[in-house]
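In: got a predicted structure plus its sequence, pasted below:
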Amino acid sequence: MPSDGTPRDDERTLLAALTAQLGERLPQTWRARFETVQMSFAEARPDAVLVLEAPDGRAARIGVDVRISLYPRDVYTMSAQLGGSWPNTPRPAGRAGLSPDLAGWLVLSRFLTPRTRALLTEAGFSYADASGNVRIDLSSPPMFIEFQGAATNPKPVDKTLQSLRGTGAIRVVRALLENRPPYTLRDLADRADLPLGTASRTIRYLVDEALVFRDGRGPISGVDWQGLIQRWARDYSLLGSNLATFYLQPRGPQALVDRLQGLSMPYVLTGSFAVMPQARVAEPALAAVYVPDARQAARELNVQTVAGAGNVVLLQPPTEDVFRSPREVNGIPCASLPQVAVDLLTSPGRGPVEGEALIEWMEKNEDAWRRR
């Protein structure tokens with residue numbers, strides 16, 4: 001933020017883009033303009049003040065803080081960087097309230113990831129980015145404006161890790177989810193069976209995403225495992241990330257599960273049948289099984305090929321990682337609970353609802369599935 005309150009050229013570009021977005025999308029009876037920043041903002045001077053005027057003449061003055069780039073981790077310190085102001089109520093102890101000259105704060109950037117936007121919303125900030133994501137939520141005067149823009153950065157400025165699609169990244173994610181910190185980066189790399197450099201690259205990305213917590217180059221001290229599962233689900237799909245083939249078991253999916261122990265190959269169950277009975281919210285309707293060879297497994301299990309969705313899906317994973325360290329439910333090898341959760345969240349039908357219910361159970365029973 002410039003010391004004299006005058007926006008730089010790149011900041012002016014973002015401010016102009018926000019004005020254009022609001023002008024295109026707000027009703028014609030509304031007005032959006034920027035005011036010159038006054039010197040009265042002694043402690044937390046904004047880069048600009050956005051004024052939104054309603055048709056009845058009421059106006060909201062919103063302090064705009066321009067961040068050319070913003071990582072999720074930065075949101076945790078945003079209020080301190082804005083001079084201790086806190087736009088949400090009730091305020092945490094030690095946080096000053098908003099200036100009486102402002103109705104709220106809006107964070108403006110080139111691009112804000114879905115997680116960054118979620119954390120800004122949770123902290124009480126409005127936001128906007130150049131891709132078209134806009135959310136303005138004010139209590140006085142009451143105002144709510146929301147537009148959806150890009151979900152991924154249309155103009156990435158670097159070549160650092162941008163997703164969790166790679167095999168190495170997924171191994172790190174599994175190790176973080178299945179093992180409760182603290183542990184060193186090298187210990188994590190060993191648990192994930194990866195070179196230290198590969199693990200380090202993924203951890204840097206997850207630290208920036210505020211999903212992993214680490215003080216400098218010290219040990220990993222914490223993991224937002226619920227958020228990490230949800231973030232994994234953005235880059236993963238049960239049917240899209242694996243080679244999936246649907247089949248029909250005429251006697252129902254439970255009959256398929258009963259025959260699994262006769263398979264001549266490794267397998268692990270996932271989806272609803274891999275959830276412990278005490279954590280289920282409904283009777284399973286689809287049997288989902290990871291196998292190395294779906295055609296051979298289908299022959300051994302005596303299931304029928306169907307044109308549409310059946311009651312059995314055989315999944316060939318891109319690597320054998322899913323078969324490592326299986327757990328058991330009713331004597332059947334099953335995928336790890338984090339894997340089951342992400343499979344349900346990205347599966348068809350009622351799977352996402354079952355996935356959310358499983359995560360709720362995992363929150364209450366962390367000692368039952370996470371290693372120390």
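Out: Perfect, thanks for sending it. If you're wondering where the values come from, they're calculated on a predicted model, not measured in any experiment.
In: all contacts plus neighbour counts: C-alpha atoms, from now on.
Out: OK.
In: hmm, who's touching stretch 210-221?
Out: Here stretch 210-221 makes contact (CA atoms under 8 Å, 6 or more residues apart in numbering) with 72-73, 181-185, 203, 206-207, 222-225, 227-228.
In: ok, 7 Å please
Out: Contact partners of stretch 210-221, identified using CA atoms under 7 Å, 6 or more residues apart in numbering, comprise 72-73, 181-185, 206-207, 222-224, 227-228.
In: ok, stretch 357-368 next?
Out: 279, 341.
In: list the buried residues of that stretch.
Out: Within stretch 357-368, the residues that count as buried by 16 or more other CA atoms under 10 Å are 357-359, 362.
In: that older thread, next, format the contacts of stretch 210-221 as CSV and append secondary structure.
Out: Shown next, in CSV, are those (DSSP: H, G, I helix; E, B strand; the rest coil):
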residue, secondary structure
72, helix
73, helix
181, coil
182, coil
183, strand
184, coil
185, helix
206, helix
207, helix
222, strand
223, strand
224, coil
227, helix
228, helix
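In: narrow these to just the buried residues.
Out: Applying 16+ other CA under 10 Å to the contacts of stretch 210-221 flags 72-73, 181-183, 185, 206-207, 223, 228 as buried.
In: next, give me the two most distant ones among the residues you listed.
Out: Largest separation among the buried ones among the contacts of stretch 210-221 by CA to CA: 72 and 183, giving 22.5 Å.
In: before we move on, back to that, got the buried residues of stretch 357-368 as JSON lines, with secondary structure and pLDDT columns?
Out: Compiled in JSON lines, these are given as follows (DSSP: H, G, I helix; E, B strand; the rest coil; pLDDT from 0 to 100):
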{"residue": "357", "secondary structure": "helix", "pLDDT": "95"}
{"residue": "358", "secondary structure": "helix", "pLDDT": "96"}
{"residue": "359", "secondary structure": "helix", "pLDDT": "96"}
{"residue": "362", "secondary structure": "helix", "pLDDT": "96"}
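In: nearest to residue 168, of the residues you listed?
Out: Nearest to residue 168 among these, counting by CA to CA, is residue 359 at 23.8 Å.
In: how close does that closest one sit to residue 178?
Out: Between residue 359 and residue 178 the computed distance is 13 Å (CA to CA, to the nearest Å).
In: got it, and residue 232?
Out: Taken as CA to CA, the span from residue 232 to residue 178 is 14 Å.
In: same deal with residue 219?
Out: The value you get for residue 219 to residue 178, if CA to CA is used, is 17 Å.
In: more neighbours: the two, which one.
Out: Between residue 219 and residue 178, counted using other CA atoms under 10 Å, residue 178 has the larger neighbour count: 20 against 17.
In: and the lengthiest helix in the chain, what does it pack against?
Out: As assigned by DSSP state H, the longest helix anywhere in the chain is helix 9-25. Applying 3 or more CA pairs under 7 Å, 6 or more residues apart in numbering; DSSP states H and E, one finds that helix 9-25 contacts strand 31-35.
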